[in-house]
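>>> just coords:
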């Protein structure tokens, strides 16, 4: 990946709706080579999706909860079952397996209300065996971005 690819990524990360001609102009290419670079980055899996990012509070999902889970038995069957289950719950928007603390998994969940979240959490409790579960409700989002830093690539 060269500097031109990095510039293309910086532009489209910020706003995918920038017309191809404008992206090409900003990076000093004509449209076809710029388009080819974008397609190559898609084929390589560098560009995963082109999506609209929604404001969760404006679509009645104002509650953001970070659910910490600890598991006492990490069997392959448990992990497989858990991986399948989290895919089925649309309110779980991120899941991370973590290390360096007493927790094993960190889930980011959106809900329409605290009551709605409580109902969802009860479903999880009934579906899986956890040794510990702890919820943290976000009071205010201080920073939220989907733009990844690219400085380290150059």
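Looks like it arrived, so ask away. If you're wondering where the values come from, they're calculated on a predicted model, not measured in any experiment. Numbering: from 1, shown residues only.
>>> hmm, who's touching the helix or strand of the chain with the lowest mean pLDDT?
Lowest on mean pLDDT, DSSP states H and E among the helices and strands of the chain sits helix 76-88, with a mean of 92. Residues outside helix 76-88 that contact it (C-beta atoms under 8 Å, 6 or more residues apart in numbering) are 71, 92, 95, 105, 107, 127, 128, 129. From N, CA and C alone the C-beta is placed, and that goes for glycine too.
>>> Can you name the next helix or strand after it?
strand 92-97 (DSSP states H and E).
>>> Partner strands of whatever helix or strand comes next after that next one and their direction?
Next helix or strand after strand 92-97 toward the C-terminus (DSSP H and E): strand 105-111. Here strand 105-111 has these sheet partners by DSSP bridges: strand 63-70 (antiparallel), strand 92-97 (antiparallel).
>>> ok, back up a step: out of the contacts of helix 76-88, the closest to residue 42 would be?
Nearest to residue 42 among the contacts of helix 76-88: residue 95, at 24.6 Å, using C-beta to C-beta.
>>> how far away is that closest one from residue 45?
Distance, residue 95 to residue 45, using C-beta to C-beta, to the nearest Å: 20 Å.
>>> higher neighbour count, the two?
residue 95 (17 against 7; other C-beta atoms under 10 Å).
>>> Quick check: beta-bridge partners of the spatially closest residue to residue 102 that is not a sequence neighbour?
Distances taken as C-beta to C-beta, 6 or more residues apart in numbering put residue 70 closest to residue 102, at 6.0 Å, once the chain neighbours are dropped. When bridges are called by DSSP bridges, residue 70 pairs up with residue 132.
>>> circling back to that earlier point, with distance to residue 31 and pLDDT as added columns, please give the contacts of helix 76-88 in JSON lines.
Listed next are these as JSON lines, based on distance: C-beta to C-beta, whole Å; pLDDT from 0 to 100:
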{"residue": "71", "distance to residue 31": "51", "pLDDT": "91"}
{"residue": "92", "distance to residue 31": "40", "pLDDT": "97"}
{"residue": "95", "distance to residue 31": "39", "pLDDT": "97"}
{"residue": "105", "distance to residue 31": "44", "pLDDT": "95"}
{"residue": "107", "distance to residue 31": "42", "pLDDT": "97"}
{"residue": "127", "distance to residue 31": "50", "pLDDT": "88"}
{"residue": "128", "distance to residue 31": "51", "pLDDT": "86"}
{"residue": "129", "distance to residue 31": "55", "pLDDT": "84"}
